[in-house]
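Asks: Sequence and predicted structure, then a few things I'm wondering about:
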Amino acid sequence: NAGVTQTPKFRVLKTGQSMTLLCAQDMNHEYMYWYRQDPGMGLRLIHYSVGEGTTAKGEVPDGYNVSRLKKQNFLLGLESAAPSQTSVYFCASLGLPGRTQYFGPGTRLLVL
Amino acid sequence: DAKTTQPPSMDCAEGRAANLPCNHSTISGNEYVYWYRQIHSQGPQYIIHGLKNNETNEMASLIITEDRKSSTLILPHATLRDTAVYYCIVRGTTDKLIFGTGTRLQVFP
């Protein structure tokens, strides 16, 4: 049982490049989330999913797209990276209300 | 979704109890209160959660007021490793997890 894993751990992009961040969970959780955390700030919700095939916008969705084709995976895409997207990205998954939730270790992204 | 309010920072002496307050005055009846902490730049770590009753686990205790408008996280014997940012979150019916700015707890020797 690996919990929540994120790939890659660290990435450097040039402005305009695209990339996909992968979040995987092996706990059969319905709900998955993508957050970003800028230095000295709290976590801000980008997008989330309440089940396979569903996605919804969070607080700061602009510039990102997501997909949940398989229950265990939640992908975060940057179509055209900008320096403002330099941040640490965290994925989380949780089950039914009242259950424990788990966060991944984070992906550090630097956009030059 | 209910919003939470926490003090920005607190200090606690090692070995003493750390009591971290959280105000969630707009919480509705079916919303849970969750507590997480984040050490340095690691992923947030789950601590405890509750609905109405007080809860205790190996890490902490959660005291929720009778009207559910506020709660307190208690670390009974704080250690230096408990230095972290602590987040109080109300899980709403929309299933969004919205983090506030949290409380930065500094445990000193």
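Replies: That came through, no problem.
Asks: residue ranges with poor pLDDT in the chain?
Replies: Because you didn't say which chain, this covers chain A. Low-confidence segments of chain A (pLDDT under 70): A:1-2, A:96-100.
Asks: My question was about chain B, not that one.
Replies: Residues of chain B that meet the cut-off, pLDDT under 70, sit at B:1-2, B:92-96.
Asks: show me where it has strands.
Replies: B:9-13, B:18-23, B:32-38, B:45-50, B:55-56, B:61-64, B:70-75, B:84-91, B:103-108 (DSSP state E).
Asks: check whether the fifth one contacts chain A.
Replies: No. Using C-beta under 8 Å from any C-beta of the partner chain, we find that strand B:55-56 stays clear of chain A, coming within 10.9 Å at best. Placement of C-beta: from N, CA and C, glycine included.
Asks: Would you mind listing what in chain A touches chain B?
Replies: Listed as neighbours of chain B in chain A under the rule C-beta under 8 Å from any C-beta: A:4, A:31, A:33, A:35, A:37, A:41-45, A:48, A:50, A:58-59, A:88, A:90, A:92, A:94, A:97-98, A:100-106.
Asks: Among these, which are located in strands?
Replies: A:4, A:31, A:33, A:35, A:37, A:43-45, A:48, A:88, A:90, A:92, A:94, A:101-103.
Asks: For those residues, name the two members farthest from one another.
Replies: A:31 and A:88 (20.8 Å; C-beta to C-beta).
Asks: which one of these two has more residues nearby?
Replies: A count of neighbours by other C-beta atoms under 10 Å in any protein chain shown puts residue A:31 above the other of residue A:31 and residue A:88, at 23 against 20.
Asks: Pull the contacting residues for the nearest residue to the more buried one once chain neighbours are set aside.
Replies: Closest residue to residue A:31 apart from its sequence neighbours, by C-beta to C-beta, 6 or more residues apart in numbering or on different chains: residue A:94 at 4.9 Å. Going by C-beta atoms under 8 Å, 6 or more residues apart in numbering or on different chains, residue A:94 touches A:29-31, A:33, A:100-102, B:97.
Asks: again, only using 7 Å
Replies: A:29, A:31, A:101 (C-beta atoms under 7 Å, 6 or more residues apart in numbering or on different chains).
Asks: same thing with residue B:21?
Replies: B:7, B:70, B:72.
Asks: Could you report the separation of it from residue A:28?
Replies: 35 Å (C-beta to C-beta, to the nearest Å).
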